[in-house]
Structures are given as C-alpha cells and as structure tokens.
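[1] just to be clear, the model below is a prediction. Sequence and coordinates:
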Amino acid sequence: MSAGAALAEPAVLGHTLDLLLAGSPAAPAWTALCAALIAADLVLDAAAARLTGTVGARSTAWLRRRALARVLAAAPHQAARFPAGDLATRLTAHAAEAGTVPATAAAGAVALLPPLGAVVALCLIDPWTALAFLSGVPVLLALLRAFARDTAAGVGRYQRIQLDLARRLAEALGGARTIAAAGTADRERERILRTLPQLSAEGHLMWRSYGGTVARSSALLPVLLYAVVAVAGFRLAAGALGVGDLVAATRYAALATGLGAATGALAAVVRGRTAARRTCELLALPELRQGTARLPSPRAGGPAPGALDLHDVTVVRGGAPVLHGVTLHLPGGTHAVVVGASGSGKSTLADVAGRLTAPDHGRVLLDGVPLEDLDPAELRREVAYAFARPVLLGGTVGEALALGQSPPPDPGTVRAAARAARADAFVTTLPRGYDTPVADAPLSGGEVQRLGLARAFCRTGRLLVLDDATSSLDTVTAREVDRALADRALADRPLNDRASFGVRPSGERPSGAPRPGTRLTVAHRVTTAARADVVVWLEEGRVRAVGRHRELWQHPDYRAVFAAEPARRHSGAAGREAAGPAGARGGTR
Ligand SMILES: Nc1ncnc2c1ncn2[C@@H]1O[C@H](COP(=O)(O)OP(=O)(O)OP(=O)(O)O)[C@@H](O)[C@H]1O
C-alpha cells in the first residue's frame with residue numbers, strides 16, 4: 001500500500017498541476033487527493049517500521065527456540081562441539097541478526113516496488129525517458145553484485161573471528177581461578193583479544209566496501225535522473241509531452257533512483273543470511289533417537305526391576321573407541337560399582353547406561369527395553385543421575401532439587417532426600433532454607449555435590465547412576481552417604497512412588513522389602529567398591545573383570561587402580577578448572 005501511495009503520488013501531482021494551470025473546477029478535489037496520498041504515505045511508513053520490528057523479534061525468537069531445543073535434544077558430547085562462548089554468540093548476536101532477514105528482505109522487496117513501478121510509469125509517459133534511465137541499470141546491477149559477493153565473504157570472516165573471541169572469553173571466565181592463581185591475567189587478556197585487530201580490519205573493510213558502493217551508485221543515479229529530465233525536456237519541446245508529463249516524469253525518475261537504496265537492504269540481508277547459517281549449524285546437531293515404548297510393570301514375585309543390559313557396546317570419541325564391545329548384565333536391584341584407571345571409560349559407561357549418549361555400536365536395555373525405544377519422559381523418570389560437578393538449575397534450592405519432576409515432589413520428600421545426601425543440615429542454615437534462591441546460596445564444591453545427590457535421591461526410578469558423585473566429599477560424609485544409600489530405609493521405597501521415596505523418619509524401622517532399582521556407581525574409593533554387590537573393572541575401554549571386590553582384590557592390577565587414586569584425584573581437581581580437554585568435551589554436567 002505504501003509503495004502504491006508513493007507510486008500514485010507523482011501522477012496525481014502532475015495531473016493536479018495540469019488542472020490548476022488549466023483552472024479546472026476539479027483542481028481542489030485533486031489537491032485534496034494529493035494531501036491524502038502524502039499523509040497515507042507517512043502513516044504507512046510508520047506502520048511498516050513497526051511491523052518490521054515485530055517480525056524481526058518473532059523470527060529471532062523462533063530461531064533461538066528451535067536452535068536451543070536442538071542443542072538440548074542432542075547428546076551432551078555432541079552439543080559440546082560448540083564451546084560455550086561460541087554457542088552463546090550463535091544463539092544471541094547471530095540469531096538476532098538472522099532474525100532481521102525476513103523483515104529486511106520483505107522491506108527491501110517492497111522498497112524496490114516504487115522504483116520499478118516508476119520505471120514502468122516512465123515507459124507509459126514516454127518510452128524514451130524510460131530508456132534513458134534503463135541505460136544505467138546494468139552498471140548499477142554489476143555494482144550491487146560485486147558488493148554482495150564482497151560483503152558475504154567479509155561478514156563470514158568477521159563472524160568467525162567473533163565466535164573465536166567469544167569462545168576464548170568464556171574459557172577464561174571458566175578458568176578465572178586458575179588464571180588468578182597463576183597470575184597470568186595480562187597474558188590471558190592478550191590471548192582473548194589477540195584477534196581484535198583482525199576484527200577491526202574486517203569491519204573497516206566491510207564499511208569501505210559499503211561506502212564505495214553507495215558512493216558509486218550515488219554518483220550514477222543523479223546522472224540517470226538528469227538524463228531523464230533532459231530527454232523529457234526535448235520531448236516537451238518536440239510537443240510529445242505536456243508540462244504535467246514533464247513534472248511526473250521528473251518525479252518518477254527521482255523515485256526510480258530509489259534503486260540505489262537496495263545497497264543498504266542488500267548489506268543487511270547478506271549479513272543476516274551469513275549469521276543465520278551460523279545459528280542453523282546448531283540445527284544440524286543430531287538428536288538422540290527416542291521412542292514411545294514403556295517399561296514393563298514390576299510383577300509381584302517377578303524379577304526385581306532395573307535390570308540393565310549392555311550388549312557389545314562400543315562408543316567412539318574423537319575418532320577412537322573409548323568403550324570397546326562392552327557386554328554386561330546387571331540384574332534389577334544390583335548395586336554395581338564401576339572402577340578403573342582415569343580415562344578407562346567409566347563416565348562413558350555411566351552415560352550410555354542412562355542414554356545421556358548413544359552407543360555407536362551395540363545396545364543398552366533397561367528391563368529388556370532398548371533405551372532408544374523408550375519414551376523420553378519414562379526414561380528420565382526411571383533413570384536418575386548425580387554427577388561429580390552438578391549444576392543447580394532452578395529458582396530456589398528446593399526447586400533445584402525437584403528439577404524435572406512433574407508434579408513436583410512434596411517438601412517432605414525433598415527434605416528426606418537432602419537428609420540422605422547429608423545436605424539438609426547446611427540447607428537449613430541458609431537465610432531462607434530450601435526457599436533460598438540458588439544464586440544467593442553460598443555453596444562449597446562439596447555442598448553443591450551433596451545437593452546434586454539429593455536431586456537424584458528425590459527421584460524414584462529403576463536406575464540410579466552416580467558418576468563420581470561423592471568425589472568432593474570428605475571421607476566421613478562420603479561414607480555416610482554410602483550408608484544412607486545402602487540403608488534399606490532409603491532403598492525400600494516402591495518404584496516411582498514419590499511420596500514414599502527418601503529416608504524414613506529417624507527411628508522408624510525399615511520394612512525389609514527387597515531393594516528396588518539398580519545402582520550404578522562410578523567410584524574411586526576402595527570402601528565404595530567393597531560395599532558393592534558387584535564391581536565392574538574397566539581397563540582401556542574394555543571390561544577387564546566383573547566380580548566381588550574381595551575376589552578382585554587378589555589381583556595386583558586391581559589393587560593398583562586404587563593405589564594410583566590419590567594422585568589421579570589431585571590432578572583431576574586441577575584439570576577441572578583448567579580449560580583443557582575435559583572442559584572441551586562437556587565440562588560441568
Ligand atoms: N568427547 C570426547 N572427545 C574425545 N575424547 C573423549 C570424549 N569423551 C571422552 N573422551 C575420552 O574417552 C576416554 C574415557 O573417558 P571417560 O570420561 O569415560 O573416562 P573415565 O574413566 O571416567 O575417567 P576419569 O576417571 O578420569 O573421570 C578418555 O580417554 C577421554 O579422553
């Protein structure tokens with residue numbers, strides 16, 4: 001409509017001028033029409049600007065939501081291919097730039113309508129005037145093509161440098177304590193900003209290219225305008241055009257020079273498209289396959305639920321297998337402890353057991369159902385995880401413990417789980433106890449770890465996976481948590497009965513019912529292995545042996561796994577803060 005109003009304006013203006021010169025009685029009505037057209041043009045321009053903003057915001061939100069959903073639906077190790085800073089830039093700055101493409105492209109196309117319409121109008125007024133204008137269009141198109149090509153290449157390089165910078169910045173923030181401890185802040189600042197001159201050079205290059213194109217097109221278009229006016233003048237002198245036609249032709253020629261404004265729109269579209277490509281790379285992350293199957297209900301007198309089977313499981317990372325053909329059968333209710341030297345594949349085994357990652361070969365089954373066929377809600381209800389470095393997500397501490405449960409567990413259940421994880425005592429000393437916002441809770445590493453355990457204990461399920469989840473606890477607390485887990489009172493809960501999960505009030509006697517659910521613990525402590533029903537001993541990604549701790553203890557290589565432990569744990573703790581390979585492949589979980 002706006003383009004229509006702008007197009008009609010010169011013709012109406014020209015005709016009104018003719019009527020005024022001829023003293024026609026229709027002149028006042030046409031003058032009013034001119035005023036109405038100008039007002040409509042202004043109002044429609046304002047509406048278009050508002051619409052552009054709204055469409056841009058909606059497109060950005062849509063893209064962000066889709067990309068983020070894909071990142072979260074991918075296996076964590078796949079998502080970790082995009083380092084934190086890189087990912088944040090793609091989802092914020094690049095998504096915002098990409099979101100402007102539909103509105104900018106539409107606005108650009110609409111903005112081209114008046115110039116193109118003006119050329120048609122020139123043709124109708126007098127073909128010679130149109131020809132005068134069109135003679136310069138090939139030069140203009142060549143300019144725009146070269147500009148689009150240069151801009152696309154420049155924007156690509158600029159955004160790559162931006163991602164690199166953001167990645168290094170996020171790395172440094174993650175390793176702030178290491179940098180402070182090493183006193184390398186200056187060196188780190190230089191490392192982060194190393195590519196800033198390149199970024200600046202690329203930015204200047206793009207602006208130079210833009211400025212050059214605008215200058216060249218700005219020089220060309222007035223020449224075309226004067227050519228049209230000159231031709232129209234000759235045609236007026238020859239009696240082929242009237243004065244009104246001359247005015248209209250001059251105004252249409254001016255409108256046709258609006259083709260030059262395409263440079264700005266083109267630059268924005270090229271920038272947005274390149275940014276969109278970066279955000280859309282996230283959409284290429286493979287989703288973990290999910291199914292719709294349900295787990296069989298436990299039968300009275302039947303096998304205990306939580307049977308975990310790994311059949312010939314191989315997991316490849318960085319081109320090399322980190323688990324090789326692992327086959328394992330853990331009957332429901334087993335407490336299995338996975339031990340092995342650092343890097344032997346324990347965490348990878350814990351990840352495939354609860355489908356945080358999919359094996360590259362082989363299958364994992366829970367109670368006979370392949371995990372990839374399981375309904376995702378059922379899978380997450382039945383498999384609980386606690387990690388060495390849990391991240392507390394949620395507004396308050398209580399909400400962080402109930403994460404992902406719908407309906408949320410009642411406060412009694414949350415508190416009982418926290419007691420079992422030896423977290424209740426320090427949570428109750430927080431300013432608002434369980435209602436304390438996580439951001440306001442000053443927590444040590446060991447306290448965060450205990451909350452991570454409590455979060456896992458809040459869930460009832462057939463499989464509880466504890467991946468080094470007590471590594472930051474002092475020996476006494478770790479033993480208490482171990483005991484609480486082994487305590488029949490904690491174990492006696494019926495599966496997926498939220499209200500009855502957790503610890504019984506102190507003093508109440510356990511019922512003595514069979515312990516439901518399977519526990520898979522990645523551990524480095526001899527005491528934890530000693531308490532297990534069965535120990536899975538991994539060596540270089542293969543199962544070296546499966547058996548009782550006291551039987552395996554006869555083997556010197558098995559004892560060596562624990563002998564090496566103190567040194568490993570120290571180096572592990574240092575490695576966590578450093579921006580090393582551990583951080584690169586997933587960091588905090
Ligand atoms: N995304 C990845 N890319 C490349 N290599 C990986 C990746 N994830 C794990 N690895 C490698 O796989 C091997 C097993 O890793 P995993 O974390 O399972 O070992 P772990 O036994 O749990 O070690 P630790 O006791 O030190 O935690 C290691 O050599 C590790 O470097």
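    Looks like it came in fine. Predicted model, so just to flag it, every value in this text is computed and none were measured.

[2] average model confidence for stretch 278-289?
    Here stretch 278-289 scores 91 as its mean pLDDT.

[3] then it to PDB, C-alphas only?
    Taking Å, rounded to 0.1, in the frame of the first residue of the first chain, the C-alpha atoms of stretch 278-289 are listed here in PDB:
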ATOM      1  CA  ARG A 278      25.900 -20.000  11.800                       C
ATOM      2  CA  THR A 279      22.800 -20.400  14.000                       C
ATOM      3  CA  CYS A 280      21.400 -23.000  11.700                       C
ATOM      4  CA  GLU A 281      24.600 -25.100  12.100                       C
ATOM      5  CA  LEU A 282      23.100 -25.900  15.600                       C
ATOM      6  CA  LEU A 283      20.100 -27.300  13.900                       C
ATOM      7  CA  ALA A 284      22.300 -29.900  12.200                       C
ATOM      8  CA  LEU A 285      23.200 -31.400  15.600                       C
ATOM      9  CA  PRO A 286      21.900 -35.000  15.600                       C
ATOM     10  CA  GLU A 287      19.100 -35.600  18.000                       C
ATOM     11  CA  LEU A 288      19.300 -38.600  20.300                       C
ATOM     12  CA  ARG A 289      16.700 -41.100  19.000                       C
END
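
[4] say whether the ligand is contacted by it.
    No - using C-beta under 6 Å from any ligand atom, we find that stretch 278-289 stays clear of the ligand, coming within 13.7 Å at best. Where you see a C-beta, it was placed from the backbone N, CA and C, and this is true even at glycine.

[5] buried sites along that stretch?
    Buried residues in stretch 278-289, counted by 16 or more other C-beta atoms under 10 Å: 278-280, 282, 285, 288.

[6] which other residues reach that stretch?
    Residues from elsewhere that reach stretch 278-289 (C-beta atoms under 8 Å, 6 or more residues apart in numbering): 63-64, 66-68, 70-71, 73-75, 78-79, 81-82, 87, 90-91, 94-95, 98, 159, 163, 355, 357-358, 372.

[7] let's see that with 7 Å instead.
    Stretch 278-289 is contacted from outside by 63, 66-67, 70-71, 73-75, 78-79, 82, 90-91, 94-95, 98, 159, 355, 358, 372, using C-beta atoms under 7 Å, 6 or more residues apart in numbering.

[8] all strands of the stretch 451-589 of the chain, in order?
    Ranges of strands within the stretch 451-589 of the chain are 463-467, 518-522, 534-539, 542-547, based on DSSP state E, counting those that start in this stretch.

[9] so can I have a markdown table of those showing mean pLDDT, distance to residue 323 and mean neighbour count?
    Listed next are these as a markdown table, based on pLDDT from 0 to 100; distance: least, C-beta to C-beta, whole Å; neighbours: other C-beta atoms under 10 Å:
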| stretch | mean pLDDT | distance to residue 323 | mean neighbour count |
| --- | --- | --- | --- |
| strand 463-467 | 94 | 14 | 26 |
| strand 518-522 | 94 | 13 | 26 |
| strand 534-539 | 97 | 8 | 22 |
| strand 542-547 | 96 | 8 | 16 |
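
[10] can you redo these as TSV with distance to residue 349?
    As requested, the strands of the stretch 451-589 of the chain are exported to TSV (distance: least, C-beta to C-beta, whole Å):
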stretch	distance to residue 349
strand 463-467	9
strand 518-522	8
strand 534-539	7
strand 542-547	9
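
[11] lowest-scoring secondary structure element of this protein by mean pLDDT?
    Here the helix or strand of the chain ranked lowest by mean pLDDT, DSSP states H and E is helix 581-584, holding a mean of 33.

[12] so is residue 389 in a helix, a strand, or just coil?
    Following DSSP: H, G, I helix; E, B strand; the rest coil, residue 389 is assigned to coil.

[13] before we move on, back to that, go through the buried residues of stretch 278-289 and say which is closest to residue 47.
    Closest approach between those and residue 47, by C-beta to C-beta: residue 279, at 28.7 Å.

[14] how about the nearest residue to residue 525, chain neighbours excluded?
    Using C-beta to C-beta, 6 or more residues apart in numbering and skipping the chain neighbours, the partner closest in space to residue 525 is residue 478 (6.7 Å).

[15] test my guess that the one you found contacts residue 470.
    Yes - with contact defined as C-beta atoms under 7 Å, residue 478 reaches residue 470; the gap is 4.3 Å.
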